[in-house]
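Asker: Got a sequence here, can you model it:
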Amino acid sequence: MSAILIAILMLGLMIGLIFFGVHIGVTLLGTAILGMWLITGEFSAAGSLLTTGPFYATFDYALAVIPLFVLMGLLANASGASSDLYQAGFAWFGRLRGGLGIVTAVANAVFAAVTGVSIASAAVFSKIAIPEMLRFGYSKRFSTGCVAGTSALGMLIPPSIMLIVYGVLSNESIGKLFIAGIVPGIILTAWYSVAILIMAYVFPRILGDPIIPERMSWRFRFRALGKSASIFSLVVVILGGIYVGVFTPTEAGAVGCVGALVIMILKGRFNLKELHATLMEAGFTTASVFLIIIGSQMFGRMLTVSGMIGELSELVTSMEIHPLLVIVGMLIILMMLGAFLDVVSILVISMPILLPVVEALGFNLIWFGILATITIETGLVTPPFGMAVFVVKGSLGDAITVEDIYIGAFPFLMMLLTTILLVLLFPSLATWLPGFM
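Answerer: Predicted coordinates for the structure are as follows:
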C-alpha cells in the first residue's frame with residue numbers, strides 16, 4: 001500500500017471518527033500515530049512523533065496569546081460590559097426603524113473585539129438582545145436570526161481565536177492577521193446594518209410589528225455611552241498598540257487581561273468566586289484548543305511524510321485552471337465543512353492540506369486567512385449543524401423552532417456571502433492595513 005493511499009485512508013478515518021463524536025484532538029493524535037506507523041513500518045517512528053510532537057507544537061511564544069485573550073473575554077463578560085454595550089446602542093439607535101437589530105449588530109462587533117469567540121457572542125446576546133427585541137414587538141424569527149447571524153463577527157473582528165489558530169498553522173504574523181480582519185469586519189457590520197434597514201423599509205413584515213421606544217434624553221444617552229467607555233477604551237488600547245507596534249499580540253493579551261480585571265473591579269463585579277470560575281473556564285477552553293493544535297501539527301507531519309501534500313500541490317499548479325477558481329473551490333469545501341464541524345476543527349483539518357497549495361499558487365496567506373475565516377463562519381448559520389443557531393435555540397427552549405431561526409438568519413447569511421465575494425475580488429481589503437505595519 002502506497003504512503004499517499006495510507007494518508008488518504010487516515011484522512012477518511014479521521015473525518016469518520018469526528019462524526020461519531022470522538023474529540024477532534026484525540027482523533028488527530030490517533031490517526032497521525034497510526035498513519036506514521038503504517039507508512040514507515042516501524043512503531044518507533046510513530047512513538048517518536050508522540051514524544052516530540054506535543055513539545056514542538058506548543059513550544060511557541062505566540063501561543064501564549066490564546067489563554068490570555070480567552071481570559072480577557074471571560075473577564076470582560078463577567079464585568080457586565082456586554083450589557084453596557086447594548087444599552088448604549090439602544091440609547092442612541094433604538095428609535096430607528098429596525099434600530100434594535102442595528103444595535104445588536106454594532107454591539108456584537110464591539111463585543112467581538114473583546115471576546116474573539118462567535119459562540120460566546122451568540123450566547124450573551126441571546127440573553128440580552130432577544131428579550132428586548134421581543135418586548136418591542138420584533139418577530140421571533142427576526143430577533144433570533146439577527147443574534148445568530150451577527151454573532152459571526154466574533155471570529156472576524158480581532159482579537160479572534162480562529163485567526164490565532166490560523167496564524168499558528170500558517171506561520172503568519174498573528175498581529176497582521178488581527179489588523180487584516182478590521183476592514184472586512186467593519187464592512188460586514190455595515191452590510192448587516194444596511195440589510196436591516198432595507199428589511200425595515202422595504203419588507204417591514206419580516207421585522208414583525210416593532211414599537212418605537214420613547215424618546216430618550218441626551219443626558220440618558222451620554223450616561224449610557226459613558227458606561228461603555230471603558231470597554232471601548234480597552235479595544236482601542238489593544239488594537240492600537242498592536243498596530244503601532246507598542247506591544248506584540250501576546251503582550252496585548254496580557255494588557256487586555258489586566259484592563260478587563262480593572263473594569264470588573266471598577267464596576268463592582270469582582271469577587272473571588274467569580275474569578276475562580278472564570279479562571280477555570282479559561283483553563284478548560286485553553287486545554288481543549290491546545291490539544292487540537294498538538295494533534296493538528298502531528299497529523300500535518302504525517303501527511304508531509306506520506307508525500308501527499310507535495311503531490312497535491314504539483315497536481316493543482318499543473319492544471320490549466322485559473323488560480324482564483326482553485327481558491328473558490330477551496331472556499332466551497334470550507335463552507336461545506338462549516339455546516340458540520342466547529343470552526344477550529346475545520347482549520348486544523350483543512351489548512352495542512354490547503355495552505356501549501358495556496359502558497360504554491362502565489363496567493364497572500366493573510367488574505368486567504370481572512371477569506372477562510374468568513375467562509376467557515378457561514379457554518380454558524382447553515383443547516384444542519386449551525387452552532388450559533390443551536391445556542392440561540394437553547395436560550396429560548398420551545399418558544400421557537402430551529403427552522404424559524406434558520407429562516408431569520410438567512411438574510412445575514414447572504415451578507416456573509418457578499419462579504420466573501422468582495423474580499424475575494426478585492427484582496428486589498430484584507431492586506432491594506434497590515435501593509436502599514
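Asker: element containing Phe284, please.
Answerer: In this assignment (DSSP states H and E), Phe284 forms part of helix 272-306.
Asker: elements contacting that helix?
Answerer: Packing contacts for helix 272-306, counted by 3 or more CB pairs under 8 Å, 6 or more residues apart in numbering; DSSP states H and E, involve helix 3-19, helix 24-40, helix 43-58, helix 65-78, helix 161-170, helix 343-360. (C-beta placed from N, C-alpha, C; glycine too.)
Asker: Please name whichever of those helices is nearest to Thr304.
Answerer: Among these, the nearest to Thr304 by CB to CB is helix 343-360 (7.9 Å).
Asker: Show the subsequent helix or strand relative to the closest one.
Answerer: helix 365-377.
Asker: helices or strands up against the helix or strand just after that following helix?
Answerer: Using DSSP H and E, the helix or strand that follows helix 365-377 in sequence is helix 387-396. For helix 387-396, the elements it packs on are helix 118-135, helix 140-150, helix 402-425, judged by 3+ CB pairs under 8 Å, 6+ apart.
Asker: Reformat those helices into a markdown table and put distance to Gly25, mean neighbour count and mean pLDDT next to each item.
Answerer: Shown next, in a markdown table, are these (distance: least, CB to CB, whole Å; neighbours: other CB atoms under 10 Å; pLDDT from 0 to 100):
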| stretch | distance to Gly25 | mean neighbour count | mean pLDDT |
| --- | --- | --- | --- |
| helix 118-135 | 18 | 22 | 75 |
| helix 140-150 | 27 | 29 | 86 |
| helix 402-425 | 28 | 19 | 88 |
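Asker: Any idea which of these gets closest to Leu275?
Answerer: For Leu275, the closest of the helices and strands packed on helix 387-396 is helix 118-135, at 18.0 Å, according to CB to CB.
Asker: and the angle for the closest one with helix 343-360?
Answerer: 120 degrees (axes from the mean of the first three to the mean of the last three CA atoms, to 10 degrees).
Asker: before we move on, back to that, comparing the helices and strands packed on helix 272-306 by mean pLDDT, which bottoms out?
Answerer: Ranked by mean pLDDT, the helices and strands packed on helix 272-306 bottom out at helix 43-58, which scores a mean of 68.
Asker: I'd like to know which of the helices and strands packed on helix 387-396 is closest to Gly101.
Answerer: Comparison of the helices and strands packed on helix 387-396 against Gly101 by CB to CB identifies helix 140-150 as nearest, at 4.9 Å.
Asker: Can you pull up the most central residue in the protein?
Answerer: With distances taken as CA atoms, centre = their mean, the residue of the chain nearest its centroid is Met155 (2.2 Å).
Asker: Run the chain-centre distance for the helix holding Phe284.
Answerer: With CA atoms, centre = their mean, to the nearest Å as the basis, helix 272-306 stands 16 Å off its chain's centre.
Asker: Tell me what angle that helix forms with helix 161-170.
Answerer: Taking the same axes, to 10 degrees, one finds helix 272-306 and helix 161-170 inclined to each other by 30 degrees.
Asker: what is the mean pLDDT for helix 272-306?
Answerer: Here the average pLDDT along helix 272-306 is 78.
Asker: list the buried ones in that helix?
Answerer: In terms of neighbour count (16 or more other CB atoms under 10 Å), helix 272-306 has its buried residues at 278, 282, 285-286, 289-303, 305-306.
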